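Enquirer: Sequence plus predicted model, see below.
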Amino acid sequence: MDKLTSEPTPVKISEFVTNLRNGIWLLGIPSWLFGITDRSMATLADGYLSAMDLMQLFTASFFFLSWLCLKPDRVEIDNYPTDVSLIPHEINPESAQNRMLELRQLHMISQEYILPFSHLCQIYHLLNLKHLETVHNFSLSNLRVVSVTHFQPTAIGGIIKFQTMLDSDFNALRIWRRPIVEVILALHNPHTVELNIPVYGNKRIVVMFNVEPISNKEHRLFIDIYSNLNWPKPLLQVLLHLASCLTLFEDMPYLRKLAERNIDRLFNANMVSSHETAWLFRRFVELYGSARKSSQSVKVLESKDKVREMA
């Protein structure tokens, strides 16, 4: 039986109830806004503002603010264990291909781009945690990296776990997740990076980035996204395509600036930051050295087409 369809009944019921409460709460927001707007227009229609009108507006506004404070919490379902197949647990020479085969039943979308920058610019960007706060400040709505909770170097890569916080109470992502969650970033090999994101409960989104060097000034970027969310698949695919395009659009100016810099300097071990947010990038530099050495590393994307066909 598929692990994703064998969740205990109490978990499914609790998740359904929580989703229902959140749905009702979300429906109430436009309802209250419509009521306040309608009452305001009716009050100002005659050009006269009485004490009774003020009281009605104050009451409606008070109940609207109270409604916002009554947002249901998802904490109770966040304690359920995540399906183990969604967590990267092994890094070896075949881990990238095995990982994509392992996740193929959860595959949602694939995107492929040819970008006019060295693949090292992409690697540098993907492995620097602080870029979540700066480069993607708009799309992630003031997301902050709180701390690194785990770092495991391996023979050909490494895994880092870090906590992220939604810094704004009005962040739309709060509808689906807790204010602070633990995200996983894994370096499977010189060309494959996995971003593993919790959504709520045991639901996650896994993004596999594969970079393939074409020349010193050009590379091919493959983006594959997997998820066990129970949302309607066509809707989820549209949302993921839009989100992926938005983040790539944000990447472009930054990648362009990186391409104008000295790549060898960025990948010089003596120049790499020792801050915890750069630990995984430092591991990449330790393993694959300078830009020249990394460019000559063994390409692990030769079986990419086969894996994509099997997915």
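Expert: Received the coordinates, thanks.
Enquirer: Compute the first-to-last residue distance for stretch 251-266.
Expert: Start-to-end span of stretch 251-266 (CA to CA, to the nearest Å) is 17 Å.
Enquirer: ok, and what's touching it?
Expert: The contact list for stretch 251-266, computed with CB atoms under 8 Å, 6 or more residues apart in numbering, reads 115-118, 120-122, 124-125, 131, 135, 217, 271, 290-292. (C-beta placed from N, C-alpha, C; glycine too.)
Enquirer: which two in those residues are spaced the farthest apart?
Expert: Spatial extent of the contacts of stretch 251-266 (CB to CB) is set by the pair 135 and 292 at 25.9 Å.
Enquirer: quick one, which of the two is more surrounded?
Expert: Taking other CB atoms under 10 Å, residue 135 and residue 292 do not tie; residue 135 has more neighbours (19 against 11).
Enquirer: what about the nearest residue to that one once chain neighbours are set aside, which SS state?
Expert: Among residues not flanking residue 135 along the chain, residue 254 sits closest, at 4.9 Å (CB to CB, 6 or more residues apart in numbering). The local conformation at residue 254, judged by DSSP: H, G, I helix; E, B strand; the rest coil, is helix.
Enquirer: those strands in the stretch 101-250 of the chain, which residues are they?
Expert: 107-115, 143-153, 158-166, 180-189, 192-200, 203-215, 218-227 (DSSP state E, counting those that start in this stretch).
Enquirer: mean confidence for the helix or strand containing residue 280?
Expert: Residue 280 is part of helix 279-288 when elements are defined by DSSP states H and E. Taken as a whole, helix 279-288 has a mean pLDDT of 91.
Enquirer: Could I have the CA atoms of it written out in PDB?
Expert: The C-alpha coordinates for helix 279-288 follow below in PDB (Å, rounded to 0.1, in the frame of the first residue of the first chain):
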ATOM      1  CA  TRP A 279      28.300  26.000   5.800                       C
ATOM      2  CA  LEU A 280      26.900  23.900   2.900                       C
ATOM      3  CA  PHE A 281      28.500  26.200   0.300                       C
ATOM      4  CA  ARG A 282      31.800  26.000   2.200                       C
ATOM      5  CA  ARG A 283      31.500  22.200   2.000                       C
ATOM      6  CA  PHE A 284      31.100  22.500  -1.800                       C
ATOM      7  CA  VAL A 285      34.200  24.500  -2.100                       C
ATOM      8  CA  GLU A 286      36.100  22.100   0.100                       C
ATOM      9  CA  LEU A 287      35.100  19.200  -2.100                       C
ATOM     10  CA  TYR A 288      35.300  20.700  -5.500                       C
END
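Enquirer: Remind me what that helix packs against, helices and strands.
Expert: helix 119-127, strand 143-153, strand 158-166, strand 180-189 (3 or more CB pairs under 8 Å, 6 or more residues apart in numbering; DSSP states H and E).
Enquirer: So the residue nearest to residue 128 when sequence neighbours are not counted versus residue 20, what's the distance?
Expert: Of all residues beyond its chain neighbours, the one nearest residue 128 is residue 281 (5.5 Å), with distances taken as CB to CB, 6+ apart. Separation of residue 281 from residue 20 (CB to CB, to the nearest Å): 43 Å.
Enquirer: picking up where we left off before, how far off centre is the helix holding residue 280?
Expert: 22 Å (CA atoms, centre = their mean, to the nearest Å).
Enquirer: Which positions in it come out as buried?
Expert: By 16 or more other CB atoms under 10 Å, the buried positions in helix 279-288 come out as 279-285, 287-288.
Enquirer: mean confidence for whichever strand or helix holds residue 258?
Expert: Applying DSSP H and E as the criterion places residue 258 in helix 233-259. Averaged over helix 233-259, pLDDT sits at 91.
Enquirer: just the angle between it and strand 218-227, please?
Expert: Angle, helix 233-259 to strand 218-227, by axes from the mean of the first three to the mean of the last three CA atoms, to 10 degrees: 150 degrees.
Enquirer: Give me the buried positions along the helix or strand just after helix 233-259.
Expert: Later in the chain than helix 233-259, the nearest helix or strand by DSSP H and E is helix 263-266. Buried residues in helix 263-266, counted by 16+ other CB under 10 Å: 263, 266.
Enquirer: Stretch 153-170 now?
Expert: 153-154, 156-162, 164-166.
Enquirer: Tell me the one among those residues nearest to residue 64.
Expert: residue 166 (22.2 Å).
Enquirer: Ignoring the adjacent residues along the chain, who's closest to the closest one?
Expert: The nearest residue in space to residue 166 (CB to CB, 6+ apart) is residue 179, at 5.2 Å.
Enquirer: Also residue 113?
Expert: Sequence neighbours aside, residue 221 is the residue nearest to residue 113 in space, at 4.7 Å (criterion: CB to CB, 6+ apart).
Enquirer: so where's the stretch 101-250 of the chain uncertain?
Expert: 167-178 (pLDDT under 70).
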